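Undergrad: mind folding the following:
(one chain, ligands or ions: 1)
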Amino acid sequence: MAQFIPRAAFPAQLSLPRSYFLGHHASGLSKMKTMLSSIDLIIECRDYRVPLTSRNPLFEESLAGRERVVVYTKRDLGSKDRPADRRREEIIRQWHAPSTTLFTDHKSKRDVKTVLNLCKQHNEERQSLLGYRILVVGMPNVGKSSLLNALRMAGVHKAKAAFTGAQPGVTRKIASGVKIVERNEEKGLEGVYLVDTPGVFVPFVPDAEAMMKLALVGSVKDTIIAPITLCDYLLYHINKQQGGETFYKEYCGPTNDVVELLEAVCKKTGRLGKGGVPDTDAAALWIIQRWRQGNLGHFILDEVSEDALEMKMREEVGMSLSQARKQAKDVQRARAKSRMSDVA
Ligand SMILES: Nc1nc2c(ncn2[C@@H]2O[C@H](COP(=O)(O)OP(=O)(O)OP(=O)(O)O)[C@@H](O)[C@H]2O)c(=O)[nH]1
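TA: Residues are numbered from 1 along each chain as shown. Alright, predicted model coming up:
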């Protein structure tokens, strides 16, 4: 049998939207700025599977002047603790130094305890008369509320204080502080409080591939990019992994053809419409969900190397919000123009 060769590149998707900066993102961010004077520390959450792409320069720009800890969430979905995973984490740690960087799975007691201990340590070292207040920020759906709930359970043994959900935009407003560490009269320490915030998307996504990555990890609503396109992009990544084709072997053999995979999934799982026609959109969404739950391989979508990080930083240097908005408008105009010429 001929050896299977995965695609070396994914075709450019020029017509994909490259913006998802919504009204509640903008208002959430400006509210965060106004409350900064009452905040002692910022925990910035990023998605482990897209360490570069889930960086939102708006947080550094708008919330400058406060100490920051970077927490990479959903580690369980991107890592198997392989030597390559640990090497990558070291590169990321160095990237953020001197800020502390942690990698977490919100269901891991050990990971949650590590974050909690860091919050306690900050409280002891810096002390705050009114209680130590930590703002939790990050892109939509990155896992901010889940982390807050896990810290609250570990710290004060209280049940959920924030709603969570698999789609972005569950948290729409900045909540009041939630206690995660009790005050300690013996040590003369006030409690530690977390303030949950709505996810804020980047003002402008530099390329269509970055948009697909953010959509795959769930930062963008599933209606924004056609599920088959997104699933095709996921298949491209799955096939790039060593032995990746075995992740979907219960449906079909190794393939670079997303329609072949989707039709096989439809047959196997009974996703058939009228007249037995395969419902490929439903199958595509189902596959994407399975990957998001960790059932189709544990891998990340960004390439992490010193060079890649440097390039990312260079790309973003000096891009203000207004410049980013202008660039987003230019892209929209170009897309509209190319659609018009397609019709003509
Ligand atoms: N596997 C895994 N799933 C996680 C982890 N953290 C959060 N999730 C899941 O990710 C989804 C989003 O989590 P939320 O806590 O609602 O995310 P958020 O950042 O508050 O989302 P917004 O409301 O959009 O701001 C939920 O389905 C969580 O169960 C994690 O460490 N591992």
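Undergrad: contact residues of the stretch 151-300 of the chain facing the ligand?
TA: Within the stretch 151-300 of the chain, the positions near the ligand by CB under 6 Å from any ligand atom are Thr164, Gly165, Ala166, Pro168, Gly169, Val170, Thr171, Pro198, Gly199. Every C-beta, even on glycine, is put in place using the N, C-alpha and C of the backbone.
Undergrad: quick one, phi psi at the closest residue to the fourth one other than its chain neighbours?
TA: Right, Pro168. Leaving out its chain neighbours, the residue that sits closest to Pro168 by CB to CB, 6 or more residues apart in numbering is Pro140, at 3.3 Å. Backbone torsions for Pro140, taken as degrees, to the nearest 10, come to phi -60, psi 140.
Undergrad: check Tyr251 too.
TA: Dihedral angles (degrees, to the nearest 10) for Tyr251: phi -100, psi -50.
Undergrad: doesn't Tyr72 lie inside a helix?
TA: No - going by DSSP: H, G, I helix; E, B strand; the rest coil, the assignment for Tyr72 is strand, not a helix.
Undergrad: my read: it touches Thr101, true?
TA: Yes - taking CB atoms under 8 Å as the definition, Tyr72 is a contact partner of Thr101 at 7.0 Å.
Undergrad: state the distance from the nearest residue to Asp232 once chain neighbours are set aside to Tyr251.
TA: Using CB to CB, 6+ apart and skipping the chain neighbours, the partner closest in space to Asp232 is Val258 (3.9 Å). Distance check for Val258 against Tyr251: by CB to CB, to the nearest Å, it reads 12 Å.
Undergrad: re earlier: contact partners for the residue nearest to Asp232?
TA: Neighbouring residues of Val258 by CB atoms under 8 Å, 6 or more residues apart in numbering: Ile228, Cys231, Asp232, Leu235, Ala284.
Undergrad: go with 10 Å
TA: Counting by CB atoms under 10 Å, 6 or more residues apart in numbering, Val258 touches 228-236, 280, 283-284, 287.
Undergrad: dump the residues you listed to CSV, plus pLDDT, secondary structure and neighbour count.
TA: Shown next, in CSV, are the contacts of Val258 (pLDDT from 0 to 100; DSSP: H, G, I helix; E, B strand; the rest coil; neighbours: other CB atoms under 10 Å):
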residue, pLDDT, secondary structure, neighbour count
Ile228, 97, helix, 16
Thr229, 97, helix, 18
Leu230, 97, helix, 25
Cys231, 98, helix, 27
Asp232, 98, helix, 22
Tyr233, 98, helix, 24
Leu234, 98, helix, 24
Leu235, 98, helix, 28
Tyr236, 98, helix, 19
Thr280, 95, helix, 20
Ala283, 96, helix, 26
Ala284, 97, helix, 27
Ile287, 97, helix, 24
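Undergrad: take those residues and write them to a markdown table, including distance to Arg133.
TA: As requested, the contacts of Val258 are exported to a markdown table (distance: CB to CB, whole Å):
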| residue | distance to Arg133 |
| --- | --- |
| Ile228 | 45 |
| Thr229 | 42 |
| Leu230 | 38 |
| Cys231 | 42 |
| Asp232 | 44 |
| Tyr233 | 40 |
| Leu234 | 39 |
| Leu235 | 44 |
| Tyr236 | 43 |
| Thr280 | 48 |
| Ala283 | 46 |
| Ala284 | 43 |
| Ile287 | 41 |
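Undergrad: and these, which is closest to Ile300?
TA: Leu234 (12.7 Å; CB to CB).
Undergrad: so Leu235 sits against Leu262, correct?
TA: Yes - assessed by CB atoms under 10 Å, Leu235 is found in contact with Leu262 at 9.3 Å.
Undergrad: between the two, which contacts overlap?
TA: Common neighbours of Leu235 and Leu262 (CB under 10 Å, 6+ apart) are Ala284, Ile287.
Undergrad: in a helix, Asp85, correct?
TA: Yes - with three-state DSSP as the criterion, Asp85 is part of a helix.
Undergrad: and the protein, what are its domains?
TA: 23-196, 208-293 (the TED database).
Undergrad: quick check: neighbours shared by Val258 and Tyr251?
TA: Residues touching both Val258 and Tyr251 (CB under 10 Å, 6+ apart): Ala283, Ile287.
Undergrad: re the thing from before, Serialize the domains of the chain to JSON lines and add fields for distance to Phe299.
TA: Listed next are these as JSON lines, based on distance: least, CB to CB, whole Å:
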{"stretch": "domain 23-196", "distance to Phe299": "6"}
{"stretch": "domain 208-293", "distance to Phe299": "5"}
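Undergrad: quick one: the strands in the stretch 1-150 of the chain?
TA: Assigned by DSSP state E, counting those that start in this stretch, the stretch 1-150 of the chain shows strands spanning 41-47, 67-73, 100-103, 132-138.
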